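Student: Here is a sequence together with a model predicted from it:
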Amino acid sequence: MIRVSAPSRLHFGLLNTGHLTGVPRFGGCGLMIEAPGVSVGVEPAPQWSATGPNAERALALAQRVTTVCHRVVVERCPPEHVGLGVGTSLGLSVARALRPDAPIEELARLTGRGLRSGVGLYGFAHGGIICDAGRDSTAELPRCGDRLAFPPDWRIVLIRPPVQPAWFGAAERQAFAESGVADPWRLYQQLRDALAQIRAALEGDADFPAFAEAVFTFNREGGRWFESAQGGVYAAPAIAAIIDRVRQLGFVGVGQSSWGPTVFACTADAEQAEFLARHLQKDSSELSIATTAAAPHGASVTRL
């Protein structure tokens, strides 16, 4: 059996670099995290089968990659459509197990991933923070702009309210088609400046306060592209309430990952992460809360 273990993805937000032409071309920025992660085992078998969470999707993905029968075992996988890049991590994990030596671009084509954002795609390969340079009209996949290291002592708290995922499939495609703001040039400049501040905060002696504020700004302002579809810069009132509460507790590096409902909050160390998690759990027992670290590397392959 070949096992592939992959990190999960947080998406900090999108930067529309096509504002001058009027044709949307979204780049962006995000972080790969160790947990919850995806782990998939694949081995040849007399007939097709799959077990574990999201088994049916994993089986369908495997059948896109090869016509040879395999047994697919999904050992670990978070729910889909919660802002953790599960579709990309699962699809690329299955494809990597079946094509261990294939380049990441081939895996993306085989599974249909990376059509809009390259953060999860290149994060699967490299880990860390990925700055996606966007995809122009002639490119098949987005370009990987920068890969940045995330300080190992910093931690991330994941908070998920009991909100049903809504922004995927047709709803997501419509939101992208209708995305826009009254002054796209001004918003582009704000996002470009915030992204530059994220990069600068991670260089040399990492500056956590500067990074946290820049991530919050990039995430909040990036939500303005989809404000008309979401009804606000965040996808649900419950998400906005959590973000406000986290900032009230003194943690400014907070935002909505992708379309949510997962909220991420960055902390300077494990002790602060545990403090924040305890306080939020006291606020509401309905919240799903976990702490994790950044994933410094991409997916790993093990032959069992």
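Tutor: Here it is on my side, so go on. Numbers count the residues shown, from 1 in each chain.

Student: Quick check: V74 is in a strand.
Tutor: Yes. Assignment of V74 by DSSP: H, G, I helix; E, B strand; the rest coil places it within a strand.

Student: quick one: it and G91, what's the gap?
Tutor: Taking Cβ to Cβ, to the nearest Å as the measure, V74 falls 12 Å from G91. Where you see a C-beta, it was placed from the backbone N, CA and C, and this is true even at glycine.

Student: which of those two has more neighbours?
Tutor: Looking at V74 and G91 with other Cβ atoms under 10 Å, you find the greater number of neighbours at G91, namely 30 against 23.

Student: chain center to the helix or strand where that one lies, what's the gap?
Tutor: Per DSSP states H and E: G91 is located in helix 86-98. Taking Cα atoms, centre = their mean, to the nearest Å, one finds the center of helix 86-98 at 14 Å from the center of the full chain.

Student: Could I get the buried residue list for the longest strand along the chain?
Tutor: As assigned by DSSP state E, the longest strand anywhere in the chain is strand 26-44. Across strand 26-44, burial judged by 16 or more other Cβ atoms under 10 Å covers 26-42.

Student: next SSE after that strand?
Tutor: Note on strand 26-44: by DSSP H and E, the next helix or strand toward the C-terminus is strand 49-51.

Student: Give the pairing partners of that next one; include direction for each.
Tutor: Sheet partners assigned to strand 49-51 using DSSP bridges are listed as strand 70-76 (parallel).

Student: Please identify the buried residues of the least confident helix or strand in the chain by mean pLDDT?
Tutor: In the chain, no helix or strand scores lower on mean pLDDT, DSSP states H and E than helix 170-177, which sits at a mean of 76. For helix 170-177, burial by neighbour count (16+ other Cβ under 10 Å) applies to E172, A175.

Student: and if you look at stretch 286-301?
Tutor: Buried, per 16+ other Cβ under 10 Å, within stretch 286-301: L287, I289, A290, T291, T292, A293, A294, A295, G298, A299.

Student: ok, now which ones touch the first one?
Tutor: L287 sits next to I159, R160, P161, P162, I242, L280, Q281 when contact means Cβ atoms under 8 Å, 6 or more residues apart in numbering.

Student: Now with 10 Å, please.
Tutor: Taking Cβ atoms under 10 Å, 6 or more residues apart in numbering, we find L287 in contact with I159, R160, P161, P162, A238, I242, V263, A277, L280, Q281.

Student: quick one: which of those residues has the most company?
Tutor: Comparing those by number of neighbours (other Cβ under 10 Å), V263 comes first, having 29 neighbours.

Student: Next one: it, what pLDDT does it get?
Tutor: Per-residue confidence (pLDDT) for V263: 98.

Student: and it, how far is that from P162?
Tutor: Separation of V263 from P162 (Cβ to Cβ): 13 Å.

Student: can you give me the strands for the protein?
Tutor: Under DSSP E, the chain gives strands at 2-16, 26-44, 49-51, 70-76, 129-134, 143-148, 155-160, 254-256, 263-267, 288-293, 300-303.

Student: Make JSON lines out of those and add distance to A201.
Tutor: Below are those laid out as JSON lines (distance: least, Cβ to Cβ, whole Å):
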{"stretch": "strand 2-16", "distance to A201": "13"}
{"stretch": "strand 26-44", "distance to A201": "12"}
{"stretch": "strand 49-51", "distance to A201": "42"}
{"stretch": "strand 70-76", "distance to A201": "32"}
{"stretch": "strand 129-134", "distance to A201": "11"}
{"stretch": "strand 143-148", "distance to A201": "10"}
{"stretch": "strand 155-160", "distance to A201": "15"}
{"stretch": "strand 254-256", "distance to A201": "15"}
{"stretch": "strand 263-267", "distance to A201": "11"}
{"stretch": "strand 288-293", "distance to A201": "18"}
{"stretch": "strand 300-303", "distance to A201": "28"}
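
Student: Out of those strands, which is closest to A102?
Tutor: When the strands of the chain are compared by Cβ to Cβ, strand 300-303 sits nearest A102, at 11.3 Å.

Student: which outside residues touch the least confident helix or strand of the chain?
Tutor: Against helix 170-177 from outside (Cβ under 10 Å, 6+ apart): 14, 24, 26, 81, 116, 165-167, 225-226, 228-230, 235, 258-259.

Student: What about these, which are in helices?
Tutor: Applying DSSP state H to the contacts of helix 170-177, the entries found in helices are S228, A229, Q230.

Student: In contact with the second one, which residues are there?
Tutor: It stands for A229. W167, A171, E172, Q174, A175, F176, A177, E178, S179, A235, W259 are the contacts of A229 under Cβ under 10 Å, 6+ apart.

Student: residues contacting R96?
Tutor: By Cβ under 10 Å, 6+ apart, R96 lies in contact with 2, 4, 6, 40, 42, 65, 102, 104, 107, 111, 124-125, 298-301.
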